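*Asks:* Next one to model:
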Amino acid sequence: MPASDQAGILGHWLYALTGIHGLLPSLLTLGLLSVQAVLINVQVSNHRLASEVSLFPGLFYILIASSLPAFLCFSPIHLANTFLIIALGILMATYKQSSCADLIFNVGFWMGVASLFYPPFILLIFVGMAGLNVLRAYKIRERLMVLAGMATPYLLAALYCFWNDELSLFLDLQFFKPFEFWSFSKYESWGLVVELGFWFLLILITLGSIGAYNFKMQLQVQKKISILYWALLIGGLTTCFQKGVSVEHLLVTAVPLGILISFNFILVSKRWSEMLHLVLLVLILCWQYKGYFMGN
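*Replies:* Just a heads-up that it's a prediction; the model follows:
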């Protein structure tokens, strides 16, 4: 089932204006990925997550977020990822901040906005909780701030829908329609095996590179990198609760995966990184146009 069929209330309203297919949605997707790449590069640089300043994090996010044919659409997950990036950056900024109630509230708020575009992002509230555990001493008050932040956009959207007699639509799109335990779309294609294999290979590379990412890094950087792993883990777990999971749902993990994979290319020599990037780009393009080459 396409993710656009399971968009949240904000996605539903936006698609009514833009549509899902056509020139405008394609241009909006291009613009969205470009803005996200800039945000990622700024945040990786500000928090010094990589061993050197580079444009690779944003570049590889774009590459991974458009690597599979199912990703080439105006997906609500692309929209939600924008706010996930913002939330992760704010979360990392809470490290060693004695007074940051506004930041903690905003972490929950932007994750709530993300889930109003794509409901499974509501589970990423656990990324916020885990991130606070990693970066700060445990305080129940701060956990309640995150929950209050996430509840705020829901309350505002529900009040607006109630005012316009659309409360049942809001409840259906956000809670009743999108969730079902262990539900997958049915495919009968060898291409699915290749695409899942590619994605799992990327995940295995990031898991095997934990030591390299943290090598000679300050403790605060190591903690912030661990938040990306939490986002990868919990994003993957959303697969178990999404109804009619399709390949497009893998985009939920594109943000942490793109950033982490870029670190591998930063760590190797420039000659090797450029060559490997070119090989990866060619393979992705060949996969995108396989139907043309195979005459399908």
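*Asks:* L260 - how many residues pack around it?
*Replies:* Using other CB atoms under 10 Å as the criterion, L260 is surrounded by 25 other residues. For glycine as for every other residue, the C-beta is placed from the backbone atoms N, C-alpha and C.
*Asks:* no no, L219
*Replies:* Taking other CB under 10 Å as the neighbour definition, L219 ends up with a count of 9.
*Asks:* I'd like to know how far it sits from C73.
*Replies:* Per CB to CB, to the nearest Å, L219 is found 41 Å from C73.
*Asks:* which residues of this structure fall in helices?
*Replies:* 9-18, 23-46, 56-65, 76-92, 101-117, 125-135, 140-163, 167-171, 190-208, 210-214, 219-237, 254-267, 270-288, 290-293 (DSSP state H).
*Asks:* possible to save those as TSV with distance to W182?
*Replies:* Below are these laid out as TSV (distance: least, CB to CB, whole Å):
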stretch	distance to W182
helix 9-18	24
helix 23-46	30
helix 56-65	26
helix 76-92	20
helix 101-117	20
helix 125-135	19
helix 140-163	25
helix 167-171	23
helix 190-208	16
helix 210-214	29
helix 219-237	12
helix 254-267	22
helix 270-288	28
helix 290-293	30
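*Asks:* looking at the ones you listed, which is closest to V247?
*Replies:* With CB to CB, the closest approach to V247 among the helices of the chain belongs to helix 190-208: 5.7 Å.
*Asks:* what does the average pLDDT come to for that closest one?
*Replies:* If you average the pLDDT over helix 190-208, you get 91.
*Asks:* Now tell me which of the helices of the chain the model trusts least on average.
*Replies:* Of all the helices of the chain, the minimum mean pLDDT falls on helix 290-293 (a mean of 66).
*Asks:* got a list of what L147 touches?
*Replies:* By CB atoms under 8 Å, 6 or more residues apart in numbering, the contact set of L147 is 108, 125.
*Asks:* I meant M129, not that one.
*Replies:* Applying CB under 8 Å, 6+ apart, the residues contacting M129 are 143, 146.
*Asks:* Repeat the analysis, applying 10 Å as the threshold.
*Replies:* 107-108, 142-143, 146-147, 230, 234 (CB atoms under 10 Å, 6 or more residues apart in numbering).
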